[in-house]
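Asker: Turn this into a structure:
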Amino acid sequence: MEFFRLFIKSVFVDNMIFAYFLGMCSYLAVSKTVKYLINKYLLLPGALSWISPKLASVDLSFLTYILFIAIIAAIVQILEMVIETFTPSLYSALGIFLPLIAVNCAILGCSLFMQERNFSNVGEAAVFGLGSGIGWLLAIVAIAAIREKLRYSKVPKGLQGVGISFIITGLMGIAFMAFMGIKI
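Answerer: Numbering: from 1, shown residues only. I've put the predicted structure just below:
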C-alpha cells in the first residue's frame, strides 16, 4: 500500500513538470560562475542581506534545484538560438544534441530530488522514479493533445505559440495541485 501511495503521489502531486518545473529545461541554464553568484547572493540563508539587513532572515535555499536547472536550460536555449542564427551548418550538424543537454539537466534534477527524499530502500526509489516518469508522460501527452486542439482555435495573435503554451502549462500545474488534497 505504501508503494501505491508513493507511486500516485509521484505521478500527480510531485509531478516533475508541474511541481518542480523540470522538463521546462529547453529554455533555461548555468555556468559555474553564475551558479556561485546565485548561490552566494540569492539562495544561501542570509544571502539577501546585501539588499537590506531586514532580508537577512530570508532563506531561499528551497529554490536551489529549480533555479540551477532553470539557468542551465536557459543558457542551452540561448546557445541553440545563437548557433542557429550565426552558423546554420553547425546547428544542422548538432541536430538533436543541444536539446538533449537540456533534457539531461531534467534527469539530473529528478535524481537530486530522489536523493533529497532519503528513501529507505531501492524499492521506494524505483517506485518514485517510475511514477515520476509516468507523470512526465501524462503531462507531455496532455499538452500535446491540447496543442492539437489549439490548431482549430482562435488564439489572439500575441499569445500564439509559446505564449498560450505557458498559460496552459500554468493552468495544468494548478489542476495537478488539486491532487495534493487527495488522501490515499
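Asker: Under the pLDDT cut-off, which ranges of this structure? List them.
Answerer: Low-confidence segments of the chain (pLDDT under 70): 17, 20-39, 65, 68-69, 101-103, 105-107, 184.
Asker: ok, which stretches of it are helices?
Answerer: 2-8, 32-38, 64-86, 88-94, 97-116, 122-150, 162-177 (DSSP state H).
Asker: helices or strands up against the first one?
Answerer: In other words, helix 2-8. helix 122-150 (3 or more CB pairs under 8 Å, 6 or more residues apart in numbering; DSSP states H and E). Where C-beta positions appear, they are placed from N, C-alpha and C, glycine not excepted.
Asker: One more: the fifth one?
Answerer: With contacts defined as 3+ CB pairs under 8 Å, 6+ apart, the packing partners of helix 97-116 are helix 64-86, helix 122-150.
Asker: what would the helices of the chain look like in a markdown table with distance to residue 55?
Answerer: As requested, these are exported to a markdown table (distance: least, CB to CB, whole Å):
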| stretch | distance to residue 55 |
| --- | --- |
| helix 2-8 | 37 |
| helix 32-38 | 16 |
| helix 64-86 | 17 |
| helix 88-94 | 42 |
| helix 97-116 | 25 |
| helix 122-150 | 34 |
| helix 162-177 | 27 |
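Asker: out of those, nearest to residue 45?
Answerer: Within these, the stretch nearest residue 45 is helix 64-86; the backing value is 11.5 Å (CB to CB).
Asker: Buried residues, the closest one. List them.
Answerer: 64-77, 80, 83 (16 or more other CB atoms under 10 Å).
Asker: Report all helices and strands that it contacts.
Answerer: helix 32-38, helix 88-94, helix 97-116.
Asker: chain center to the longest one, what's the gap?
Answerer: This points to helix 97-116. Chain-centre distance of helix 97-116: 9 Å, with CA atoms, centre = their mean, to the nearest Å.
Asker: cool, stretch 115-134 as well?
Answerer: Using CA atoms, centre = their mean, the offset of stretch 115-134 from its chain centre is 18 Å.
Asker: Not counting its own residues, what contacts it?
Answerer: By CB atoms under 8 Å, 6 or more residues apart in numbering, the surrounding residues in contact with stretch 115-134 are 2-3, 6-11, 14-16, 65, 110, 114.
Asker: Report the outermost residue of the protein with respect to its centre.
Answerer: residue 53 (31.7 Å; CA atoms, centre = their mean).
Asker: Now do it against residue 119, distance only.
Answerer: 40 Å (CB to CB, to the nearest Å).
Asker: what does residue 150 give?
Answerer: Applying CB to CB to residue 150 and residue 119 gives a distance of 39 Å.
Asker: Also residue 172?
Answerer: Taking CB to CB, one finds residue 172 at 27 Å from residue 119.
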